[in-house]
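Peer 1: pasting the sequence and the predicted coordinates here, then a few questions.
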Amino acid sequence: MGYSTSSSSSAPSSPPPILTPCAACKILRRRCVDKCVLAPYFPPTDPLKFTIAHRVFGASNIIKFLQELPEDQRADAVSSMVYEANARLRDPVYGCAGAICQLQKQISELQAEVAKAQAEIINMQCQNSNLFDLMCKQMSSEENMLPFHDSSVFVFDDSVSGMASDPLWT
């Protein structure tokens, strides 16, 4: 249906619905027909959507393009046209391509930052591993320098403690 309905009922019996043309027909100042191809995609509540697309593509091109597409693809096509029109208004030379290039550059920069951070993590892990190895070597060399490092020193004799003769510490 080409018209959108909006009704407000304050009495028990509702008045007939008020018919308003779609945003496209309203902006183009034409009568919105029953089978208006634009009505489902440009509701009267969002006139800016059609204004932007119309400014870049023109009404006749939008209508022709929508008529050539199957109905299940039209909503996506309108979304794409409005997106491209917004991009063209922001950047008349490159449009969406400029936004895509900018995003790809940003992705590359972020990937480089991630790679740098990963390299720093690996470097720190290697430093920590080397530090740990150094500490272990130093501790083992200090143990070798301690006097009485003989395990027989820590064995109790039965006669002294009254306990079993097997060593507690070895």
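Peer 2: Received, thanks. Residues are numbered from 1 along each chain as shown.
Peer 1: pLDDT of whatever helix or strand Q118 lives in, averaged?
Peer 2: With secondary structure defined by DSSP states H and E, Q118 is part of helix 95-145. pLDDT averaged over helix 95-145 equals 88, rounded to a whole number.
Peer 1: tell me what it is packed against?
Peer 2: Using 3 or more Cβ pairs under 8 Å, 6 or more residues apart in numbering; DSSP states H and E as the contact test, the elements touching helix 95-145 are helix 71-90. Backbone N, C-alpha and C define where each C-beta goes, glycine included.
Peer 1: buried ones in the helix it packs on, by neighbour count?
Peer 2: If you call a residue buried by 16 or more other Cβ atoms under 10 Å, then helix 71-90 has these buried ones: R74, A77, V78, M81, V82, E84, A85, N86, A87, R88.
Peer 1: helices or strands next to that helix in the packing?
Peer 2: With contacts defined as 3+ Cβ pairs under 8 Å, 6+ apart, the packing partners of helix 71-90 are helix 47-57, helix 59-68, helix 95-145.
Peer 1: coming back round to it: ok and the helix holding Q118 relative to helix 47-57, angle-wise?
Peer 2: Going by axes from the mean of the first three to the mean of the last three Cα atoms, to 10 degrees, helix 95-145 is angled at 100 degrees with respect to helix 47-57.
Peer 1: now do stretch 120-139: everything it contacts.
Peer 2: Residues from elsewhere that reach stretch 120-139 (Cβ atoms under 8 Å, 6 or more residues apart in numbering): none.
Peer 1: and it, how far out from the chain middle?
Peer 2: Centroid displacement of stretch 120-139 relative to its chain, using Cα atoms, centre = their mean, to the nearest Å, is 37 Å.
Peer 1: what of stretch 37-50?
Peer 2: Distance, centroid of stretch 37-50 to centroid of chain: 29 Å (Cα atoms, centre = their mean).
Peer 1: could you tell me the end-to-end distance of that stretch?
Peer 2: One end of stretch 37-50 sits 13 Å from the other (Cα to Cα, to the nearest Å).
Peer 1: not counting its own residues, what contacts it?
Peer 2: If you take Cβ under 8 Å, 6+ apart as the criterion, stretch 37-50 is touched by 1-4, 20-27, 32, 62-63, 66-67, 74-75, 78, 82.
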